[in-house]
Structure formats: C-alpha cells, structure tokens
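J.: below are the sequence and a predicted model for it; my questions follow.
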Amino acid sequence: MRPASEALIVIDLQADFCPGGALAVAGGDGIVLPLNALMDEFATVVLTQDWHPAGHRSFASSHPGQAVFATVTLPYGPQTLWPDHCVQGTAGAAFHPGLRTDPAALILRKGMNPGVDSYSAFFENDRRTPTGLAGWLADRGITALTLAGLATDFCVAFSALDAARLGLAVTVREGLSRAIDLDGSLAARRRAMAAAGVVLAP
Ligand code: VGL
Ligand code: ZN
C-alpha cells in the first residue's frame, strides 16, 4: 500500500471511449484489468466520469454545418467538436462494465455545464470554473497523484497539467492510458506535461 498522501485518479473509463463506443479510443478497454489491480495499491481512488447533458456545446451536432473533430471558437476559447458522447444516463456514459467502482471514494462527474466542456477533472475548459476536486484532495492531505485512463492527450493530460499547476506531484501512467491523437495532440500534450514536471511513466 502506498502512503495515504497518494491518490489514484482513473479518468473517464467509460463505454463511449472504449471500442464500440461513440468516441472510441483504440485499445481503451485494454487498460481496465491493470487499472483494477492498481487500485489495490492506493487508499484513495477517484473515478471521473464525462457526463454531458444532451445537446452539449462540445458536440458537433450542436453546430450545424460543422464536422466532427473540427475546431470552433467558443466564448472561452477554441473547442474541438466531438461526436455526441457520454450523455447523462445513457449506456455510453456508464463506466466500462469491467471497471471496479467499489474502491472509489469519489466519482467525480464533469462536463455537465451545457455550454462549457471540461476535459480536466479540476477546471472546466474556461480554465476558471473549479470542479471542487482540488479542495477535496487537499482536505484529505493528498499531495501526490497517479493519473491514468482515457484519453491520454485530452482528459488525462488536462487533469495532469492542472494538478501540476496546483502544486501536486503528478505521475501519468502512459501504459495505462490510451490516446485519441488528433493532429499531433499526443506529442504536444506529452511535451507540455513533461515541461510542467509531470512524470511520464509506463
Ligand atoms: C474526452 C473528448 C471529449 C476525454 C472527453 O475523456 O479525453 N475527450 N470528452
Ligand atoms: Zn466529453
């Protein structure tokens, strides 16, 4: 067991991000079993769940004439347009059926604001609106995080970068994460994470 100051955060291991899902990440289901095993090492496990209302502003379907994976400018900045995914209460928004959820002390839902996306588990994409996770971790004396899940170059990376900025020690388990890799996004986010002091581990 690791020290109580460490937490494992499993990002968005949901059906829609796994093969067969609406925004499938290649190999997304392949990390479920090793992550289940890794949970036993941590006294604190957090799961995050992308949890959008129908018609969310990050969906290409909400922008007539725009294609999936295009980038538009929203009031808070650039936003990639995604296929409809992780709609609250749908089968696609559920965790992968093989993922252990019993060890989780917290299941954090994000992306619920209809007009603002939230890749990071800490701040919405306006980079200002907190989810409350920073305070939850601080209250419990947690100072070091291990992050893994889906997708490496979006929700895992944004969460890792925010956590590092907040002063937490962050390790991303790349071998227990899978990437979307849109227009070189994986290489860019790996560089950004390394520059921010995030430890990229297998
Ligand atoms: C994610 C795109 C849209 C993720 C969530 O979990 O990485 N990516 N919503
Ligand atoms: Zn989403």
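T.: Good, I have the coordinates. Ligands and ions are numbered 1, 2, ... in the order given.
J.: which positions in this protein make contact with ligand 1?
T.: Taking CB under 6 Å from any ligand atom as the criterion, the chain approaches ligand 1 at residues 12, 17, 50, 82, 119, 150-151, 154-155. In this view, the C-beta of every residue, glycine as well, is placed from N, C-alpha and C.
J.: among the residues you listed, which are in reach of ligand 2?
T.: Subset of the residues of the chain next to ligand 1 in contact with ligand 2: Asp50, counting by CB under 5 Å from the ion.
J.: centroid residue for this structure?
T.: Cys155 (3.1 Å; CA atoms, centre = their mean).
J.: and the longest strand along the chain, what's buried?
T.: Taking DSSP state E as the criterion, the chain has its longest strand at strand 169-178. Buried residues in strand 169-178, counted by 16 or more other CB atoms under 10 Å: 170-174, 176-178.
J.: packing partners for the next helix or strand after it?
T.: Per DSSP states H and E, the first helix or strand lying C-terminal to strand 169-178 is helix 185-195. Under the contact definition 3 or more CB pairs under 8 Å, 6 or more residues apart in numbering; DSSP states H and E, helix 185-195 sits against helix 157-165, strand 199-201.
J.: on the three-state scheme, the residue of the chain positioned farthest from its centre is what?
T.: Going by CA atoms, centre = their mean, the residue of the chain most distant from its centre is Gly65, 27.8 Å out. What DSSP: H, G, I helix; E, B strand; the rest coil gives for Gly65 is coil.
J.: quick check: closest non-adjacent residue to the closest residue to ligand 2 within the chain.
T.: Closest residue of the chain to ligand 2, CB to the ion: Asp50 (4.2 Å). Nearest non-adjacent residue to Asp50, counting by CB to CB, 6 or more residues apart in numbering: Cys86, 4.0 Å away.
J.: going along the chain, name the strands of this structure.
T.: 6-11, 44-50, 71-74, 77-80, 104-110, 144-150, 169-178, 199-201.
J.: could you export those as a markdown table, including mean pLDDT?
T.: Shown next, in a markdown table, are those (pLDDT from 0 to 100):
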| stretch | mean pLDDT |
| --- | --- |
| strand 6-11 | 99 |
| strand 44-50 | 98 |
| strand 71-74 | 96 |
| strand 77-80 | 95 |
| strand 104-110 | 98 |
| strand 144-150 | 99 |
| strand 169-178 | 99 |
| strand 199-201 | 98 |
